[in-house]
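K.L.:
Structure for this input, please:
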Amino acid sequence: MLSRIIEVCARNRFLVFTTVLLLTLAGIWSLKRVPLDALPDISDVQVIVHTAWAGQPPDVIEDQVTYPIVTGLLAAPHVKAVRAQTMFGDSYVYVVFEDGADLYWARSRVIEYLQQISGRLPESVHPVIGPDATGAGWVYEYAIVDKSGKHSLADLRSLQDWHLRYALATVPGVAEVATIGGYVRQYQVQLDPNKLLAYGIPLSTVIDKVKMSTNEVGGRVLDLSGAEYMIRGLGYLRSLDDLATVAVGSKNGTPVLLRGLGTVSFGPDIREGVAEWNGEGETVGGIIVMRQGMNALNVINGVKQKLREIAPSLPPGVRIMTGYDRSDLIDASIKTLQRDLLEEAIIVSLVIIVFLFHFRSALIAILALPIAVLVSFIPMYWLGVTSNIMSLGGIALAIGVLVDASIVMVENGYRHLSERQDKEAHPVSEPERKKILVNAAKQVGPALFFSLLIIVVSFLPVFLLEAQEGRMFRPLAWTKTLAVGSSSILAITLVPVLMVMLIRGPPAARAEESNLPHHAGDLPANLAVLPSPPLAHNCSQSDLPGCHVSARIAFG
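P.N.:
Purely as a prediction, here's the structure:
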């Protein structure tokens, strides 16, 4: 079967070259689109459920929120573990799925089970799931620095929450833009308990009136003079004065306004963390979280481009400074491996040229090397294997193996040509030369193909690794397997065609037998033939042709 493939490929050079050219172009296209990252993502398939219940202690949240959610999600399909963390005012549930589960399928299952659990939760509690990202999705961080000193932390926080965050969320591949530092500006009402008691207004009534005050209502239409006028009740609060004039009750027919029960002002929300920039003081920052499976380098470049577009619209004196940028690590890792791959390819090419001592023959192995590497990127792209330090390391490990089949085929072809040239006085004809080279390729091609497949099979145990170990080393096994597999296919398709085209003219070296002396007179001057030892006693004269006779050669 393999010998037949070699023969067919040698006779159809145009078809082989066209196919290899298309595969090479497809490999270049895939190489430019394979996701780039510094390291493989070893995170579990995980969905985070966050539930906020302001003002409640951890034990109450644990009993009424965390426990019902955890017990309900334990029955979800393909769930490996459910972990939970409860703190003051917040509940976090981490649902870990089995390896191989699709993240968006897992998210849909969690939402489905949360709908079933909602009836068991308090009325004011509404669980939400986290962004569709992994633990390795933190790819970029920036800080909003005020060089003029005219803007407070509350102003910077408002700029981040209402301007930058929404603009950066439109960048393709961004799952979330988290904010750190600063003060969240609030409308704050500080009530006087004595006034509440004097007017006889409970606190719950004040809270309800404030909630109802910032609302708009709509009615039907009025038909006046052939025109329809829509009826609307405008009730959104737009200033502190609007909030201060909210009526919360009445006393002897006189409305009691909110400002009569206390003071209304702007104030910061309670903070649970701070952000600091280079020892210069507090600031406000943002964290870019990448969506799972996206190209980290493209996402970071998109964020940087969006920040450059936003920069002219920032207030005077405000600058956006980069705090963490994974693209530097990605570029350094990729450039290091690219340099190492190039150096290995050059060294392998020089070794091939030195040992074959024939440039056209060495060109066969040199051409097969980059083609095999490029072709291996096609299945990498479709399998979703990212280009990182582990996957490219697999290609670096396989470079020496990729040229073995080409070298052996070229050497075997030269050997057969040399032997035929020794037997005939006239040069080998062109049809005969092609036939000799094709037969030489057919002689060793199947053995070389299966030897490369043995190398591929030797990496199968790596694919059986599970959990973090499998996610770490599986990209290396994939790239090495794909590169060696591509090389094995090229060994029985492209290499025989290149041999027929490039191995021409008289052989550069004669057959191995021609390098051995045929007569004693052909020996060098410092060699001498010593008498052979006596024949064994059981060898008669008639048995001499079947007996082993040895001679000793000594250096003079």
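K.L.:
which regions of the stretch 451-556 of the chain lie under the pLDDT threshold?
P.N.:
Filtered on pLDDT under 70, the stretch 451-556 of the chain yields the residue ranges 505-556.
K.L.:
And the helices in it, which stretches?
P.N.:
460-463, 467-502 (DSSP state H, counting those that start in this stretch).
K.L.:
Show me the one of these that comes nearest residue 414.
P.N.:
Residue 414 lies closest to helix 467-502 among these, at 9.6 Å (CB to CB). In this view, the C-beta of every residue, glycine as well, is placed from N, C-alpha and C.
K.L.:
you'd agree residue 187 is up against residue 240?
P.N.:
Yes - under the criterion of CB atoms under 8 Å, residue 187 makes contact with residue 240 at 7.1 Å.
K.L.:
what residues are shared contacts of those two?
P.N.:
Among the neighbours of residue 187, those also in contact with residue 240 (CB atoms under 8 Å, 6 or more residues apart in numbering) are 264, 266.
K.L.:
what's the closest of the helices of the stretch 451-556 of the chain to residue 415?
P.N.:
Per CB to CB, nearest to residue 415 of the helices of the stretch 451-556 of the chain: helix 467-502, 12.5 Å.
K.L.:
CA atoms of stretch 65-81 as PDB?
P.N.:
Output of stretch 65-81 as PDB, limited to C-alpha atoms (Å, rounded to 0.1, in the frame of the first residue of the first chain):
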ATOM      1  CA  VAL A  65     -28.800  31.200  50.500                       C
ATOM      2  CA  THR A  66     -25.600  29.200  50.300                       C
ATOM      3  CA  TYR A  67     -26.900  25.800  51.500                       C
ATOM      4  CA  PRO A  68     -30.000  25.700  49.200                       C
ATOM      5  CA  ILE A  69     -27.900  26.600  46.200                       C
ATOM      6  CA  VAL A  70     -25.100  24.100  46.900                       C
ATOM      7  CA  THR A  71     -27.600  21.200  47.600                       C
ATOM      8  CA  GLY A  72     -29.500  22.100  44.400                       C
ATOM      9  CA  LEU A  73     -26.500  22.200  42.100                       C
ATOM     10  CA  LEU A  74     -25.000  18.900  43.400                       C
ATOM     11  CA  ALA A  75     -27.600  17.100  41.200                       C
ATOM     12  CA  ALA A  76     -26.500  19.000  38.000                       C
ATOM     13  CA  PRO A  77     -25.100  16.700  35.300                       C
ATOM     14  CA  HIS A  78     -21.300  16.200  35.000                       C
ATOM     15  CA  VAL A  79     -20.700  18.200  38.200                       C
ATOM     16  CA  LYS A  80     -17.400  17.200  39.800                       C
ATOM     17  CA  ALA A  81     -17.500  19.400  42.900                       C
END
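K.L.:
what is the rounded mean pLDDT of that stretch?
P.N.:
Mean pLDDT, computed over stretch 65-81, is 92.
K.L.:
quick one: buried residues of that stretch?
P.N.:
Along stretch 65-81, these residues count as buried under the neighbour rule (16 or more other CB atoms under 10 Å): 65, 66, 68, 69, 70, 72, 73, 76, 79.
K.L.:
mind giving me a markdown table with the helices of the stretch 451-556 of the chain and columns for distance to residue 157 and mean neighbour count?
P.N.:
A markdown table is the format used below for these (distance: least, CB to CB, whole Å; neighbours: other CB atoms under 10 Å):
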| stretch | distance to residue 157 | mean neighbour count |
| --- | --- | --- |
| helix 460-463 | 48 | 12 |
| helix 467-502 | 37 | 22 |
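K.L.:
Out of those, flag the one nearest residue 440.
P.N.:
helix 467-502 (7.8 Å).
K.L.:
Packing partners of that closest one?
P.N.:
helix 2-11, helix 13-33, helix 359-383, helix 389-402, helix 404-423, helix 430-458, helix 460-463 (3 or more CB pairs under 8 Å, 6 or more residues apart in numbering; DSSP states H and E).
K.L.:
could those helices go into JSON lines alongside distance to residue 291?
P.N.:
Output for the helices and strands packed on helix 467-502, formatted as JSON lines (distance: least, CB to CB, whole Å):
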{"stretch": "helix 2-11", "distance to residue 291": "44"}
{"stretch": "helix 13-33", "distance to residue 291": "17"}
{"stretch": "helix 359-383", "distance to residue 291": "18"}
{"stretch": "helix 389-402", "distance to residue 291": "20"}
{"stretch": "helix 404-423", "distance to residue 291": "41"}
{"stretch": "helix 430-458", "distance to residue 291": "33"}
{"stretch": "helix 460-463", "distance to residue 291": "26"}
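K.L.:
nearest to residue 298, of those?
P.N.:
The nearest among the helices and strands packed on helix 467-502, by CB to CB, is helix 13-33 at 9.6 Å.
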